[in-house]
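K.L.:
structure for the following, please:
(one chain, ligands or ions: 2)
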Amino acid sequence: MVTALSVTEEIILVGDYMYDAKSLKAEEFIADEEVRATLKYADENKDNLQVLDEIIAKAKLGKGLTHREASVLLACDNEEKMQEVYDLAKQIKEEYYGNRIVLFAPLYLSNYCVNGCLYCPYHMKNKHISRKKLTQEEIRREVIALQDMGHKRLAIELGEDPVNNPIEYVLDSIKTIYDIKHKNGAIRRVNVNIAATTVENYRKLKEAGIGTYILFQETYNKESYETLHPTGPKHDYAYHTEAMDRAMEGGIDDVGLGVLFGLESYRYEFAALLMHAEHLEAAHGVGPHTISVPRVKKADDIDPTAFDNSLSDEMFEKIIALIRVAVPYTGMIISTREGKAVREKALALGISQISGASRTSVGGYVEEEPEDDNSAQFDVSDRRTLDEVLNWLITLGYVPSFCTACYREGRTGDRFMTLCKNKQILNCCHPNALLTLKEYLEDYASEDTKAKGLAMINRELERIPNEKVRKIAMEHLEDISNGKRDFRF
Ligand code: SF4
Ligand code: SF4
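P.N.:
Ligands and ions are numbered 1, 2, ... in the order given. Reported below is the predicted structural model:
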């Protein structure tokens with residue numbers, strides 16, 4: 001079996017790793033025996049101060065941690081050591097992402113689904129939920145509503161249904177979304193969250209110009225996975241778990257991972273999630289572009305307390321901090337499944353992208369969801385408007401960013417990762433954040449948000465280190481005041 005990692009091998013290896021990070025077979029790169037060996041190793045070392053210090057020292061190099069090392073920290077309840085980890089997570093967040101937060105919105109296209117997932121109200125056996133699939137005209141109306149809020153980046157979501165939601169429908173919808181130019185609005189990046197599919201379909205998505213392909217694993221524990229997905233194509237653990245490998249074979253080099261915390265033991269999921277990230281890096285040379293951290297939430301016929309692995313807010317925050325430390329170069333996403341207070345803490349610990357003003361039902365942006373509407377995938381905890389979210393971010397000292405520059409400039413996959421790992425990407429992120437914020441302030445902001453945002457832009461211009469870039473950014477800001485749009489570095 002392959003031993004995947006180097007720097008602290010002598011510290012943490014009590015035996016060979018029991019998995020093959022380069023294998024393309026799910027049960028070899030997410031080997032159950034390796035996850036269990038990791039949990040055992042973490043339990044044995046969580047109070048070993050020498051091991052803890054060595055792992056934290058490695059983390060301070062800012063190059064990440066292995067799943068075993070990070071799992072030791074997750075098991076550790078030494079308050080002093082954990083404070084060091086939280087401080088480090090904040091520092092790494094600041095170094096890689098500064099004070100910028102990228103915003104996006106989900107767009108639900110269809111809730112038809114042939115799967116039987118026990119934690120989702122769209123499961124096929126739910127006969128009383130209203131089923132909807134947007135026509136291209138309805139998509140147009142939803143997108144105009146999103147543009148009128150100020151959104152530039154969407155994640156499209158739809159259930160798995162080869163008859164109602166074939167790949168052609170997804171491709172048509174992406175084209176519709178990109179083609180809509182309404183006032184000064186534009187959707188400049190469409191990320192796609194659809195069921196695991198074939199290499200050929202991934203190739204078609206790539207050709208359609210998608211940003212990131214996102215697929216949540218839900219749970220990495222094969223036995224639980226099969227129980228939670230009793231029927232439908234999603235029942236096939238290997239096919240689902242190997243989806244990112246097929247996506248990469250189809251040319252999509254930005255992929256987004258995630259588990260649905262609460263379904264299984266969080267320690268198992270955490271170790272396996274990092275093993276999946278290690279696998280992508282080992283097998284394809286590119287780690288995950290993003291990691292999402294959803295928790296099971298209430299929805300129509302779903303009661304989250306039916307799953308006995310629910311996660312406290314404190315442990316959830318610890319996981320976010322540890323993912324930040326373990327994979328510093330990977331963006332982290334938190335949705336409106338979480339309320340304002342949790343999101344606020346999560347931002348400081350490592351989150352780089354959030355959704356704002358989300359509707360999780362099909363057609364929810366145009367029609368106000370009626371009280372008795374039951375078509376949402378989950379209940380939204382943060383129901384603020386996008387302007388309220390921006391105002392809140394600015395007040396907290398974060399620069400809201402609608403930047404979509406990288407994939408439009410061809411900075412994807414290993415090219416993006418190289419720029420990200422050596423932090424050169426920062427020369428683009430900060431000015432792009434200011435330019436896209438300025439567009440928002442001109443076109444969509446309330447008076448109060450506009451005043452606070454303009455003051456922020458003036459302050460933040462000083463933080464662009466390169467004088468030439470700063471000068472160009474100032475010229476573009478002026479151009480935006482004069483009605484021009486869509487500048488990027
Ligand atoms: S989680 Fe996805 S695949 Fe499962 S029932 Fe819901 S929409 Fe369908
Ligand atoms: S420049 Fe690239 S990495 Fe930075 S915010 Fe924009 S799209 Fe993201």
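K.L.:
mind telling me what element residue 154 is part of?
P.N.:
In this structure, residue 154 is located in strand 153-158 according to DSSP states H and E.
K.L.:
just the strands in the stretch 351-489 of the chain please.
P.N.:
With strands called from DSSP state E, counting those that start in this stretch, the stretch 351-489 of the chain shows them at 353-355, 399-401.
K.L.:
what about the stretch 1-150 of the chain, any weak spots by pLDDT?
P.N.:
1-15 (pLDDT under 70).
K.L.:
give me that answer again for 50
P.N.:
For the stretch 1-150 of the chain, applying pLDDT under 50 flags the ranges 1-14.
K.L.:
dump the strands of the stretch 351-489 of the chain into JSON lines; add distance to residue 420 as well.
P.N.:
Every C-beta, even on glycine, is put in place using the N, C-alpha and C of the backbone. Output for the strands of the stretch 351-489 of the chain, formatted as JSON lines (distance: least, C-beta to C-beta, whole Å):
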{"stretch": "strand 353-355", "distance to residue 420": "14"}
{"stretch": "strand 399-401", "distance to residue 420": "15"}
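K.L.:
which one of those is the most hemmed in?
P.N.:
strand 399-401 (a mean of 26; mean count of other C-beta atoms under 10 Å).
K.L.:
what is that one packed up against?
P.N.:
With contacts taken as 3 or more C-beta pairs under 8 Å, 6 or more residues apart in numbering; DSSP states H and E, strand 399-401 sits against strand 100-110, helix 386-396, helix 426-443, helix 447-461.
K.L.:
partner strands of that strand and their direction?
P.N.:
Counting by DSSP bridges, the strands paired with strand 399-401 are strand 100-110 (parallel).
K.L.:
just give the nearest non-adjacent residue to residue 188, would you?
P.N.:
Nearest residue to residue 188, sequence neighbours excluded (C-beta to C-beta, 6 or more residues apart in numbering): residue 404, at 4.0 Å.
K.L.:
these two touch, right, residue 377 and residue 108?
P.N.:
Yes. Residue 377 lies in contact with residue 108 (C-beta atoms under 8 Å); the separation is 6.9 Å.
K.L.:
what residue ranges in the stretch 301-450 of the chain are flagged as low confidence?
P.N.:
For the stretch 301-450 of the chain (pLDDT under 50), the answer is none.
K.L.:
apply 80 and report the result again.
P.N.:
Low-confidence segments of the stretch 301-450 of the chain, defined by pLDDT under 80: 308, 368-375, 426.
K.L.:
quick check, the residue in it closest to ligand 1?
P.N.:
As assessed by C-beta to the nearest ligand atom, ligand 1 sits closest to residue 377 within the stretch 301-450 of the chain, at 6.7 Å.
K.L.:
burial check on that residue, number of neighbours?
P.N.:
Residues near residue 377, counting by other C-beta atoms under 10 Å, number 21.
K.L.:
overlap in contacts, residue 377 and residue 108.
P.N.:
Common contacts of residue 377 and residue 108 (C-beta atoms under 8 Å, 6 or more residues apart in numbering): 157, 360-361.
K.L.:
which residue is the nearest non-sequential neighbour of residue 206?
P.N.:
Of all residues not flanking residue 206 in the chain, residue 251 sits nearest, at 4.2 Å (C-beta to C-beta, 6+ apart).
K.L.:
re earlier: dump the shared contacts of residue 377 and residue 108 to CSV, plus neighbour count and distance to residue 292.
P.N.:
Shown next, in CSV, are the shared contacts of residue 377 and residue 108 (neighbours: other C-beta atoms under 10 Å; distance: C-beta to C-beta, whole Å):
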residue, neighbour count, distance to residue 292
157, 20, 12
360, 22, 14
361, 21, 20
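K.L.:
nearest to ligand 2 among these?
P.N.:
residue 157 (20.7 Å).
K.L.:
who's the closest one bridged to?
P.N.:
Per DSSP bridges, the residues bridged to residue 157 are residue 108, residue 193.
K.L.:
show me what from this structure comes close to ligand 2.
P.N.:
Residues of the chain lying near ligand 2 by C-beta under 6 Å from any ligand atom: 102, 401, 403-406, 425, 428-429, 432.
K.L.:
widest-spaced pair of these?
P.N.:
Across those, the longest distance by C-beta to C-beta is 13.9 Å; it joins 404 and 425.
K.L.:
of the two, who's got more company?
P.N.:
Counted by other C-beta under 10 Å, residue 404 and residue 425 do not tie: residue 404 has more neighbours, with 23 against 20.
K.L.:
can you pull the contacts of that one?
P.N.:
Per C-beta under 8 Å, 6+ apart, neighbours of residue 404: 152-153, 188-189, 211.
K.L.:
so who does the closest residue to ligand 2 within the stretch 251-400 of the chain touch?
P.N.:
Proximity of the stretch 251-400 of the chain to ligand 2 (C-beta to the nearest ligand atom) peaks at residue 331, 7.5 Å away. Neighbouring residues of residue 331 by C-beta under 8 Å, 6+ apart: 97, 102, 289-291, 352-353.
K.L.:
go again using 10 Å as the cut-off
P.N.:
Contacts for residue 331 were tallied using C-beta atoms under 10 Å, 6 or more residues apart in numbering; they are 96-97, 102, 212, 254, 256, 288-292, 350-353, 420.
K.L.:
which parts of the stretch 51-200 of the chain sit against ligand 1?
P.N.:
With C-beta under 6 Å from any ligand atom as the criterion, the stretch 51-200 of the chain comes near ligand 1 at residues 113, 115, 117, 120, 122-123, 159-160, 195.
K.L.:
dump the helices and strands packed on strand 399-401 to TSV, plus mean neighbour count and distance to residue 68.
P.N.:
Listed next are those as TSV, based on neighbours: other C-beta atoms under 10 Å; distance: least, C-beta to C-beta, whole Å:
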stretch	mean neighbour count	distance to residue 68
strand 100-110	24	31
helix 386-396	20	35
helix 426-443	23	30
helix 447-461	16	39
